[in-house]
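> I would like the atomic coordinates for the input below:
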Amino acid sequence: MSYEYISTILKPMLEGAQATILLFLIAIIVSIPLGFLLTLAVRSSFKLLSRLASGYIYVMRGTPLLLQLLVICFGLPMLPVVGDYLVLDRFVAACLGFILNYTAYFAEIYRGGLLAIDKGQYEAAQVLGLNKTQTTIRIILPQMFRIALPSVANESITLVKDTALLYAVAVPELLHFAQTAVNRDFTIVPYFIAGIIYLVMTLVLTIFFKWLEKRFKYDRE
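Reported below is the predicted structural model:
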């Protein structure tokens, strides 16, 4: 294929990649802190809150993300009485679906990080005279984030690839424009270009999280 053809299809694909990146940023920025709050809810001494949070995680992790997106985009507006109030812009609905799903996954990652911290850390904090809040902020949370960081990195890379599901709910993004070019021009070149763009995005994320891991390592030393 000529350079002219590649440059022709590259422009709309890069425009689609903007929607992909925007969805990723919104989902990651919102779901990471929400995941931590959900972890606290699971560990809460208030049994009802803990059970509701655990049930939420079970449902969101136990059902496909695509199914959740379809329910939010097309299912909720079909509900009687309230359906008319639940009609959302497709991109907004997709953002909501990704946030709800990845909040559950990040919550489990944080829970694993907390469980990996030795109980002696809590006892040592008591010996030093730290209260529960000081222990959590100064000792527990830094260790939890350090332990959870590799898993957070992997889940973030998975999120980039999962943004391709936008195609299934008719949101114009990278894969949508690649598929349009394939159908129009009867060539698989757009697929390869889309793959390269995804690889570039995941490479940037990988470099960023490697830098974070080194930063945490140096801070610990």
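> now do the residue of the chain positioned farthest from its centre, the pLDDT please.
Of all residues in the chain, Val127 has its C-alpha farthest from the mean position, at 38.3 Å, by C-alpha atoms, centre = their mean. Looking at Val127, its pLDDT is 75.
> does the residue nearest to Ala164 when sequence neighbours are not counted count as helix, strand or coil?
Nearest residue to Ala164 in three dimensions, chain neighbours excluded: Leu175, at 4.7 Å (C-beta to C-beta, 6 or more residues apart in numbering). Yep, even glycine has a C-beta here, placed from its N, CA and C like the rest. Three-state call for Leu175 (DSSP: H, G, I helix; E, B strand; the rest coil): helix.
> tally of neighbours for Leu175?
24 (other C-beta atoms under 10 Å).
> contact partners for it?
Gly16, Ala164, Leu166, Tyr167, Ala194 (C-beta atoms under 8 Å, 6 or more residues apart in numbering).
> against Ile32, how distant is the fourth one?
Distance of Tyr167 to Ile32, given as C-beta to C-beta, to the nearest Å: 25 Å.
> now swap in the third one and tell me
Using C-beta to C-beta, we find Leu166 at a distance of 20 Å from Ile32.
> repeat for the last one
Counting by C-beta to C-beta, the gap between Ala194 and Ile32 amounts to 26 Å.
> what does Leu67 give?
Counting by C-beta to C-beta, the gap from Leu67 to Ile32 is 23 Å.
> what about the two, which has more around it?
Taking other C-beta under 10 Å, Leu67 and Ile32 do not tie; Ile32 has more neighbours (17 against 11).
> hey, which helix is longest across the protein?
Assignment by DSSP state H gives helix 3-42 as the longest helix of the chain.
> so which bits of that one are buried?
Using 16 or more other C-beta atoms under 10 Å as the test for burial, helix 3-42 gives 9-10, 12-13, 16-17, 19-21, 23-24, 26-28, 30-32, 34-36, 38-42.
> what of stretch 153-163?
Ala153, Glu155, Ser156, Ile157, Leu159, Val160, Asp162, Thr163.
> tell me the angle the host helix or strand of the fifth one makes with helix 3-42.
Per DSSP states H and E: Leu159 is located in helix 141-162. If you take axes from the mean of the first three to the mean of the last three C-alpha atoms, to 10 degrees, helix 141-162 sits at 140 degrees to helix 3-42.
> quote the end-to-end distance of stretch 75-87.
Taking C-alpha to C-alpha, to the nearest Å, the first and last residues of stretch 75-87 lie 9 Å apart.
> chain center to that stretch: distance?
Remark: stretch 75-87 is offset 26 Å from the chain centroid, using C-alpha atoms, centre = their mean, to the nearest Å.
> flag the shaky bits of the protein, pLDDT-wise.
1, 217-221 (pLDDT under 70).
> hmm, try it at 80
1-3, 118-139, 216-221 (pLDDT under 80).
> as a markdown table, the buried residues of stretch 153-163 with distance to Asp118 would be great.
Formatted as a markdown table, those follow (distance: C-beta to C-beta, whole Å):
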| residue | distance to Asp118 |
| --- | --- |
| Ala153 | 23 |
| Glu155 | 24 |
| Ser156 | 27 |
| Ile157 | 29 |
| Leu159 | 31 |
| Val160 | 34 |
| Asp162 | 34 |
| Thr163 | 37 |
